[in-house]
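# next come a sequence and a model predicted from it.
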Amino acid sequence: MTDAAPAPFRNEKALKRLKKRRAADTRFRFYGMSAIAFALAALSLLIVSILSQAISAATYHVVRYDVVLDPAVIAPAGKDKPADVARNIDGFYNLLRSNLLQTFPDVQGNRLETRELGDLLTRLAVLPVAKSVAANPTQIGQEMTIKVPLNDDLDLYLKGAVSPEARLKLGTVEQGTETAPGRVTLSGPNAFKGLQSLISAQRAEVGDAVDARSILVTSGPATGRVVSMSANSLEMDLLTGSAADYQGARPLARVIALPEAQRNVSDDQIAWTLALKDMGRISRVPHFSLLTHTDSTYPELAGALAAIVGSLLTMLVTAFIAIPVGIFASVYLEEFAPRNRLTEIIEVNINNLAAVPSIVFGLLGAAVFLGFFGLPRSAPLVGGLVLALLTLPTIIIASRAALKSVPPSIRAAALGVGASKMQSVFHHVLPVAGPGIFTGAILGMARALGETAPLLLIGMVAFVADVPGGPTDESTALPVLVYSWATHAERAWEPMTAAVIVILLMFLITMNGIVVFLRRRFERRW
Amino acid sequence: METTITESRETLTAGTSMDETQGLTYPRIECKNINVSYGDKQAIFDISLPIPDRSVTALIGPSGCGKSTFLRCLNRMNDTIESCKVTGEIIMDGENINDPDIDPVLLRSRVGMVFQKPNPFPKSIFDNIAYGPRIHGLAETREDLDEMVEKSLRRAGLWEEVKDRLSSPGNSLSGGQQQRLCIARAIAVRPEVILMDEPCSALDPVATARIEELIDELRKRYCIVIVTHSMQQAARVSQRTAFFHLGELVEMGETDQIFTNPRERRTEDYITGRFG
Ligand SMILES: Nc1ncnc2c1ncn2[C@@H]1O[C@H](COP(=O)(O)OP(=O)(O)OP(=O)(O)O)[C@@H](O)[C@H]1O
Ligand SMILES: [Mg+2]
């Protein structure tokens, strides 16, 4: 059009500015991505560490007992009513224990060993058996196969969680002879050379501490503890089985790093467990009882059922109170309430409430619901009420945000065709705000699900042996169970705790999944 | 563009003659001494304006002069604005609709409104139209409702475009289609008066022409009040024009007279583009 020179886009200043802007862009993108990477890394670390702990609680070892349900033991005269049988824990325990004693007759007469053998079986573990027999009394006097969880420490040993242990296949044993009662000498040319060098390697590493380590040599059902050895012969204390079990075999040697005195499981117990395993009486099965049992002082018997049901009941109470109240409150505040001093004060206070530490709500609940209204302690009803108070501000704030984001033009449109205020809110505003409101509600519920502190204060931390049947029964909740299991000293609780955390996370993931689903399903554009 | 204007002029003349036979002077709505203030700030000063039936009244004036505010008085939409106070009388069919005893919900079902920005409900095209008849119980059966929806869409000139996709969301239509959908929605409740606040402000010339045709057609049955920033549009579609300035009614009269022979200096300046 004109012969004026086109404006120089590529002049030096412009190029410089462009470069600077591009650098700023890149920098910002880098910051953003590293923030996300950090968050992701932390999250996956958390999940991996919990899962890796929990995975060992996903299965556990049970021992099979083939016994005859001797009426003299489990249903003696005068105590043979089903109710008595169901309560006869001692009878069943003795029945199974004597089966163990028969399996390992060597322990007879040795009180310490007898007790240690009995420890393979937890006394209370027979309770479900007693109940099932009582429910079906025709089984009494019959032969029966009973499966009972192995003691938790031995379970951990079998899972390799008790101590690091070096294993080595030995050379062929040509002869095993019993030199003295309980003392066996194995011999075979160079059969023990490998073991010797393993020990000297360990000695080089840890010094004379290696002498305190137990070396167990196992062949079939027999296990012995090494006393002394040379390249061609090995002397050991036989813990179970007989010298003949070694004849012509290639035994397996285990060097257990943790000395016997520092373990909860003795060499004898390990030997018996290995023998039971060799007999095919120990199997590793999925740990369903974690979901079907209630709490117990014995980790192998404990389950989270009472806590799961307690959490569900608590959440039900919370949902029934917090969601409707929250939605109505926010609809009123957002759509109907006049804007004045009073509503402003209410608004500020709702925001303040959302920031109040949860333990304060617990104190309030204890004072008001337990002290003033006299509601039962430890009940999901009270827990639900307290958590409802706790989530209410969250739900109200989220719902109000959702309602605020509904374009006013939709309200005007509804009023314009002659809809009443109520109709415009319920027909148009709420459906549009619905996904947002539900997101807020479920996020609030998810927060409530993970709350521990307020529940501790209203007594939901009690040991609960029965599944709560209703909202006024004594109960506990998942996060509280995590808390109380995590405070137990025994090692076996660690994976159990992690497993409960996984259950809790599953609940949370399910709830968040619902949020995502709702968003996808109902999200609207305008 | 040129041809459209000429054509419209023709229809306009035809329309005027019809109005004359029906008596343009009969006012459907008689506004007397309307004052509106938002809080302390008065937006409309003592406006008195008769609005005739079966014709189009255009409200023109520079931005912020109170056209929308005045329009909202006619169906009491100002009630929804908390700070807004309206005084004065608005007589419609012998009743003062500004009286606190008048149910604004009933009023709004008789005085429909098309907003400046298309605002379909986030529902299907069908439900957009059917909503009004449903809440007012205008349709007895599903067939009635179907018929009503079709009729409204036909009259808004949208039926051919959407008849195969009645269940798709109203927001999936183009801007012009959405505006016609909103018009169809407004006429579906069979109002007697239709208020339109800059209905074509976001539309291209073709869609604008469509809507103008529609207005021209609607005028045969309804009393229409339209706010517009386009002088040509006011000239094309309206029979009467009112010019607002700074919250006051400066001049009103037959559209032809206002555009060809304005009485007031300010009106002339405005329509000739010297300010505003
Ligand atoms: N909701 C409100 N709150 C306070 N003041 C308002 C409100 N709506 C409008 N006003 C004021 O009232 C006056 C008239 O506004 P109105 O919207 O009626 O103008 P208008 O003529 O429609 O302008 P435009 O042509 O730009 O749409 C303006 O000064 C505006 O600032
Ligand atoms: Mg306006």
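Great, that's in hand. Residues are numbered from 1 along each chain as shown, chains lettered A, B, ... in the order given. Ligands and ions are numbered 1, 2, ... in the order given.
# and residue B:243, which of the three is it?
Recorded secondary structure, residue B:243: strand (DSSP: H, G, I helix; E, B strand; the rest coil).
# would you confirm that it contacts residue B:264?
Yes - at 7.5 Å, residue B:243 and residue B:264 qualify as touching, with contact defined as CB atoms under 8 Å. Heads up, the C-betas are built off the backbone N, CA and C, glycines and all.
# what's the overlap in contacts for the two?
Here residue B:243 and residue B:264 share the contacting residues B:250, B:251, scored by CB atoms under 8 Å, 6 or more residues apart in numbering or on different chains.
# who's more crowded, these two?
Taking other CB atoms under 10 Å in any protein chain shown, residue B:243 and residue B:264 do not tie; residue B:243 has more neighbours (27 against 13).
# so for that one, what's the pLDDT?
Note on residue B:243: pLDDT of 93.
# number of residues surrounding residue A:376?
Residue A:376 has 17 neighbouring residues, counting by other CB under 10 Å.
# and the residue lying closest to it once chain neighbours are set aside, what helix or strand is that in?
Nearest residue to residue A:376, sequence neighbours excluded (CB to CB, 6 or more residues apart in numbering or on different chains): residue A:472, at 5.4 Å. Assigned by DSSP states H and E, residue A:472 falls within no helix or strand.
# what do you get for residue A:431?
Taking DSSP H and E as the criterion, residue A:431 maps to helix A:430-449.
# return whichever helix or strand comes after that helix as CSV; C-alpha atoms alone will do.
Remark: after helix A:430-449, the chain's next helix or strand is helix A:453-457, criterion DSSP H and E. Taking C-alpha atoms only, helix A:453-457 is exported to CSV below (Å, rounded to 0.1, in the frame of the first residue of the first chain):
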residue,chain,number,x,y,z
ALA,A,453,-7.3,-37.5,67.2
PRO,A,454,-10.9,-36.6,67.8
LEU,A,455,-11.9,-40.3,67.9
LEU,A,456,-9.2,-41.0,70.6
LEU,A,457,-10.8,-38.3,72.8
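# can you name the next helix or strand after helix A:453-457?
Sequence order places helix A:478-486 as the next helix or strand after helix A:453-457, per DSSP H and E.
# buried set for the lengthiest strand in chain A?
For chain A, the strand reaching the highest residue count under DSSP state E is reported as strand A:59-68. Buried positions in strand A:59-68, judged by neighbour count with 16 or more other CB atoms under 10 Å in any protein chain shown: A:60, A:61, A:62, A:63, A:65, A:67.
# my read is residue A:200 is in a helix, agree?
Yes - counting by three-state DSSP, residue A:200 falls inside a helix.
# burial count for it?
Neighbours of residue A:200 under the rule other CB under 10 Å: 11.
# would you mind measuring from it to residue A:214?
Distance from residue A:200 to residue A:214, counting by CB to CB, to the nearest Å: 17 Å.
# returning to what we had before: ok, the residue nearest to residue A:376 touching residue A:378?
No - using CB under 8 Å, residue A:472 is not in contact with residue A:378, being 9.8 Å away.
# looking at the two, which one has more neighbours?
Legend: neighbour count by other CB under 10 Å for residue A:472 and residue A:378, higher for residue A:378 (22 against 15).
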